[in-house]
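Novice: Take this sequence and fold it.
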Amino acid sequence: MACMEIAAYLDALDEDGVALADAAERAGLAAAVPPCPGWAVRDLVRHQAYVHGWAARHVRDQLPELIDEGTEAELLAGGPPDGELINAYRQGHAALVAVLRGADPDVACATFMPAPSPLAFWARRQAHETAVHRFDAQAAGPGGPPDPVTAFTAAFAADGIDELVTGFAARRRYRLRGDGTRSLAVRPADAPGRWLVRLADGGTTVSRVEPGESAAADCVLAGPAAGLYAFLWNRCPADGAGVTVSGDTAMAALWSSSVSVVW
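Specialist: Numbering: from 1, shown residues only. I've put the predicted structure just below:
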């Protein structure tokens, strides 16, 4: 499947970044974040503020190597005090959007997953990073988690599934762990894109299934793209996202425990 246009990623990043801050203000910095056990809203905002600044520096300064400045715990211990945190986050988010919108389409800088260009990589990665954490911030509010099926558009969610499956899941650090040979298919009902994840001898390969092709799998995840997106990002259980798990259901649990993206 084709990726979205860079401008569409930046529009999503702009909208979701503002929505994250608004949701954090409504929830309060001390509120627990249900999809991120152990985190309060202040941790979520500090994390996202750092990531936005981290991403912006790669593009703005055309850095040839990825910045490595410490562990998540070390980064969450820094930053502005609570009274200034959300405003600082808003400023950093706006700065990231401005850097990406103003960047040369051919800018050269470090990335960590395949993409048509470095700018396309950073626009896509920050759009999905921010969308998922916007969902987290909203989940911390008094109304509880939003409905995952309506929390994202089908097209955006399908693109995010593609990034997660062909990008993160294919990386060695997030490989599915287990013995033997098993496979997992992801099939949105309302958006283009089908994916197949194969686990063999402890290694993982992923592929896109082209329209018209059939790909049998031991376990099939089917449902609305937005629900699959939230489930695959470990933001909600399958039954809370309209996702049907058929076949070897242990494969779905294996995904949740193996492909857990952390700092």
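
Novice: ok now the host helix or strand of residue 252, how far from the chain's centre?
Specialist: Assigned by DSSP states H and E, residue 252 falls within helix 249-258. Per CA atoms, centre = their mean, to the nearest Å, the displacement of helix 249-258 from the mean C-alpha position of its chain is 18 Å.

Novice: Need the mean per-residue confidence for it.
Specialist: For helix 249-258, mean pLDDT rounds to 82.

Novice: just stretch 4-22 next, same as before
Specialist: Stretch 4-22 comes out with an average pLDDT of 97.

Novice: Extract the CA atoms of it and return them as PDB.
Specialist: Extracted as PDB, the C-alpha positions of stretch 4-22 are listed here (Å, rounded to 0.1, in the frame of the first residue of the first chain):
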ATOM      1  CA  MET A   4       0.100   9.000   2.900                       C
ATOM      2  CA  GLU A   5       1.300  12.300   1.600                       C
ATOM      3  CA  ILE A   6       3.700  14.200   3.800                       C
ATOM      4  CA  ALA A   7       1.200  17.100   4.000                       C
ATOM      5  CA  ALA A   8      -1.400  14.700   5.400                       C
ATOM      6  CA  TYR A   9       0.900  13.500   8.100                       C
ATOM      7  CA  LEU A  10       1.700  17.000   9.100                       C
ATOM      8  CA  ASP A  11      -2.000  18.000   9.300                       C
ATOM      9  CA  ALA A  12      -2.600  15.000  11.500                       C
ATOM     10  CA  LEU A  13       0.400  15.800  13.700                       C
ATOM     11  CA  ASP A  14      -0.700  19.400  14.100                       C
ATOM     12  CA  GLU A  15      -4.300  18.400  15.000                       C
ATOM     13  CA  ASP A  16      -3.400  15.500  17.300                       C
ATOM     14  CA  GLY A  17      -0.700  17.400  19.100                       C
ATOM     15  CA  VAL A  18      -3.100  20.200  20.000                       C
ATOM     16  CA  ALA A  19      -5.700  17.600  21.100                       C
ATOM     17  CA  LEU A  20      -3.200  15.900  23.300                       C
ATOM     18  CA  ALA A  21      -2.400  19.100  25.200                       C
ATOM     19  CA  ASP A  22      -6.100  19.900  25.500                       C
END
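
Novice: Please spell out which residues along it are buried.
Specialist: 4, 6, 8-10, 12-14, 16-22 (16 or more other CB atoms under 10 Å). C-beta here means a position set from N, CA and C on the backbone, and glycine is covered the same way.

Novice: Between the residues you listed, which sits nearest residue 186?
Specialist: residue 4 (18.0 Å; CB to CB).

Novice: Identify the residues contacting the closest one.
Specialist: Contacts for residue 4 (CB atoms under 8 Å, 6 or more residues apart in numbering) come out as 124, 155, 156, 159.

Novice: Could you look up the SS state of it?
Specialist: Classification of residue 4 by DSSP: H, G, I helix; E, B strand; the rest coil places it in coil.

Novice: Next one: it from residue 17, what distance?
Specialist: Per CB to CB, to the nearest Å, residue 4 is found 17 Å from residue 17.

Novice: Which residue ranges make up the domains of this protein?
Specialist: By the record's domain assignment, the chain is partitioned as 6-146, 154-258 (automatic domain parsing).

Novice: comparing the ones you listed, which gets the lowest mean pLDDT score?
Specialist: Among these, domain 154-258 scores lowest, at a mean of 87.
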